[in-house]
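In: how would this look folded up:
(chains A, B, C and D)
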Number of protein chains: 2
Amino acid sequence: MKRKSGEERREEIVRALLDLTAERGTREISTQAIADRVGIAQPTIFRHFPTRDAIFRAALDSIGRKLLDVLTPMLSGRGPADVRLRKLLSRQLRFISRRKGLPRLIFSERLHLEDPELKAVVRDIIDRYTARLEELLRDGVHQGCFRQDLDTAETARLIVALIQGLVMRWSLSDFEFPLDQQGEVLWRLLEPALRAPQGPPDQAPGPHANTSD
Amino acid sequence: MKRKSGEERREEIVRALLDLTAERGTREISTQAIADRVGIAQPTIFRHFPTRDAIFRAALDSIGRKLLDVLTPMLSGRGPADVRLRKLLSRQLRFISRRKGLPRLIFSERLHLEDPELKAVVRDIIDRYTARLEELLRDGVHQGCFRQDLDTAETARLIVALIQGLVMRWSLSDFEFPLDQQGEVLWRLLEPALRAPQGPPDQAPGPHANTSD
DNA sequence: CAAGAAAGCGAGTGATTACTTGCATGAAGC
DNA sequence: GCTTCATGCAAGTAATCACTCGCTTTCTTG
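Out: Next up, the predicted model:
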């Protein structure tokens, strides 16, 4: 019988966890279910992870790193802030829409309430993301494409909340609408709130308003 | 020993469920924990509810009705739509901020994924609320205080998502910031997106912009 | 005040949980 | 080729879960 290395098995287990989360939510995920999915015996799980929650931690870690990798070009780039923000929204929604297990993992109460360490990991990811989003907003204020009196910290938190709420609705609806197309909708709401009030009253064009993804 | 009527006990049980949800999330809520909180034996729970999920259903029903009661004056009123919307936001956030069990109950995956009937109840409440919010937005368009080209359905969904995201952050943060004061923040983001583009460029006052709660 | 209904409890039941233990088996190094 | 050790599994453990059963106690009602 073929036998796999620990590294491979750990990745398989994390992958199985995410797949199961997408399908049934974290509640239904027992070590037995994970083992069945991977095709190994249930106790074998504990050869690779000391506890069940360690699998959740590994999954979170993996996905958190990938998300930051994908978004870093927009967060740290040097182009016009409004273009970067718009692209950031669409990229993030696309990233999430391809990993249905992610929202159910992030929103799961098992994760938030049962393991303080896991909770800290999630909050750290969200906080770091919010901080970098605020930098982007500040860039926009300095560049003049966002209003000078914008409360960047508050707005960054609201944007994060907006994305979270949208993703949650998507998750609650069993992914029945295409999440990755909601970036435009989001932007339509955000743009007037961010835009420097400088347009003539007949029409109000934001700078760089017609860049498509 | 004093003995209570079934009605009273059922209310006590629902109350205990909500209290426990606020403190520990739905995952930790066993019938044993509920019974301990109420001060009765665990099997006695099943004298009053046929199954555990029936308690969740009763709790949702109770809270859903109360929320609609509180918000109906704003949703069905006849005043200026922007004033009503602003008040709606602050009232809703205040309502939720006084019931910490509510977000954890609504967001709980146990509720969304395990019992289809419960899930339908939640989606029904959200859908009905969204529909009435959209009516309010349409009122505002007709009254002229919101922009004529506003996509009311889309905007209503986004507002609901925004509130949900905000409430979720509040719940994840263990209620560490005062939710009921976030209505103003929300309004500051929403107003430019809703407002009819008619203000002079020097300053952009929305109609009825200075009504406090 | 008698009788039936409803509320209560102690003691289970079977299912499921994360996790252990003891032992077999495959791969890598000397 | 023999040792070594990580990977694997069958079987088991203690805890917890929602829920049931048999019986007692209280309340209501005629």
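
In: Give me the neighbour count for A:R47.
Out: By other C-beta atoms under 10 Å in any protein chain shown, 12 other residues sit near A:R47. C-betas here are computed from N, CA, C, even on glycine.

In: Need the mean per-residue confidence for the helix or strand harbouring it.
Out: Using DSSP states H and E, A:R47 sits within helix A:45-48. The average pLDDT for helix A:45-48 rounds to 94.

In: I'd like the distance from it to the chain centre, please.
Out: Here helix A:45-48 shows a centroid-to-chain-centroid distance of 28 Å under the convention C-alpha atoms, centre = their mean, to the nearest Å.

In: helices or strands up against the lengthiest helix in chain A?
Out: Longest among the helix segments of chain A by residue count, using DSSP state H, is helix A:116-143. Counting by 3 or more C-beta pairs under 8 Å, 6 or more residues apart in numbering or on different chains; DSSP states H and E, the packing neighbours recorded for helix A:116-143 are helix A:52-76, helix A:81-97, helix A:152-172, helix B:152-172.

In: Buried residues, the third one. List them.
Out: Put plainly, it is helix A:152-172. For helix A:152-172, burial by neighbour count (16 or more other C-beta atoms under 10 Å in any protein chain shown) applies to A:152, A:155-172.

In: what do you get for the second one?
Out: By neighbour count with 16+ other C-beta under 10 Å, helix A:81-97 contains the buried residues A:81-97.

In: residues making contact with stretch A:149-158?
Out: Contacts to stretch A:149-158, defined as C-beta atoms under 8 Å, 6 or more residues apart in numbering or on different chains, come from residues A:130-131, A:133-134, A:137-138, A:140-141, A:193-194, B:162, B:166, B:169, B:185-186, B:188-189.

In: Just the buried ones out of these, please.
Out: Those of the contacts of stretch A:149-158 that meet the buried threshold are A:130, A:133-134, A:137-138, A:140-141, A:193-194, B:162, B:166, B:169, B:185-186, B:189, by 16+ other C-beta under 10 Å.

In: returning to what we had before: just send the helices and strands packed on helix A:116-143 back as JSON lines, with mean pLDDT and distance to DNA strand C too.
Out: What follows is the helices and strands packed on helix A:116-143, written out as JSON lines (pLDDT from 0 to 100; distance: least, C-beta to the nearest atom of the strand, whole Å):
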{"stretch": "helix A:52-76", "mean pLDDT": "90", "distance to DNA strand C": "3"}
{"stretch": "helix A:81-97", "mean pLDDT": "95", "distance to DNA strand C": "25"}
{"stretch": "helix A:152-172", "mean pLDDT": "93", "distance to DNA strand C": "21"}
{"stretch": "helix B:152-172", "mean pLDDT": "93", "distance to DNA strand C": "23"}
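
In: Adding distance to A:R10 as columns, could you present those in JSON lines?
Out: As requested, those are exported to JSON lines (distance: least, C-beta to C-beta, whole Å):
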{"stretch": "helix A:52-76", "distance to A:R10": "7"}
{"stretch": "helix A:81-97", "distance to A:R10": "23"}
{"stretch": "helix A:152-172", "distance to A:R10": "26"}
{"stretch": "helix B:152-172", "distance to A:R10": "28"}
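
In: Quick one, which of these gets closest to DNA strand D.
Out: Ranking the helices and strands packed on helix A:116-143 by distance to DNA strand D, with C-beta to the nearest atom of the strand as the measure, places helix A:52-76 first at 13.2 Å.

In: which strands and helices sit next to that closest one?
Out: Helix A:52-76 is packed against helix A:6-24, helix A:81-97, helix A:101-107, helix A:116-143, with contacts defined by 3+ C-beta pairs under 8 Å, 6+ apart.

In: Lowest average pLDDT across those?
Out: Per-segment mean pLDDT for those reaches its minimum on helix A:101-107, at a mean of 82.

In: for that one, the distance to its chain's centre please.
Out: Distance, centroid of helix A:101-107 to centroid of chain: 9 Å (C-alpha atoms, centre = their mean).

In: That helix and chain B in contact?
Out: Yes - under the criterion of C-beta under 8 Å from any C-beta of the partner chain, chain B is reached by helix A:101-107 at A:R104, A:F107.

In: quick check, that helix touching DNA strand C?
Out: No - Helix A:101-107 does not reach DNA strand C (C-beta under 7 Å from any atom of the strand); its nearest approach is 14.5 Å.

In: Would you mind giving the secondary structure of A:L189?
Out: Classification of A:L189 using DSSP: H, G, I helix; E, B strand; the rest coil returns helix.

In: so what's it up against?
Out: Residues in contact with A:L189 (C-beta under 8 Å, 6+ apart) are A:L162, B:T155, B:L158, B:L190, B:A193.

In: ok, now with 10 Å
Out: Counting by C-beta atoms under 10 Å, 6 or more residues apart in numbering or on different chains, A:L189 touches A:162, B:151, B:154-155, B:158-159, B:161-162, B:189-190, B:192-194.

In: Around the residue in chain A that DNA strand D sits nearest to, count how many other residues there are.
Out: Going by C-beta to the nearest atom of the strand, DNA strand D is nearest to A:G6 of chain A, at 2.4 Å. Neighbours of A:G6 under the rule other C-beta under 10 Å: 9.

In: Nearest residue to it in space, please, no chain neighbours.
Out: In space, and not counting its chain neighbours, A:G6 is closest to A:H48: 5.9 Å by C-beta to C-beta, 6 or more residues apart in numbering or on different chains.

In: Return the distance of that neighbour relative to B:P43.
Out: Counting by C-beta to C-beta, to the nearest Å, the gap from A:H48 to B:P43 is 41 Å.

In: For the two, work out which one has more neighbours and name it.
Out: Neighbour count, other C-beta under 10 Å: between A:H48 and B:P43, A:H48 has more, with 20 against 9.

In: Pull the contacting residues for the more buried one.
Out: A:6-14, A:38, A:40, A:54-55, A:58 are the contacts of A:H48 under C-beta under 10 Å, 6+ apart.

In: Give the closest residue to A:V167 in space, chain neighbours not counted.
Out: A:P103 (4.9 Å).

In: Surely that neighbour touches A:G165?
Out: No - assessed by C-beta atoms under 10 Å, A:P103 is found out of contact with A:G165, at 11.0 Å.

In: Could you check the pLDDT of A:W187?
Out: A:W187 carries a pLDDT value of 94.

In: give me the number of residues near it?
Out: Each residue near A:W187 was counted by other C-beta under 10 Å, and the total is 17.
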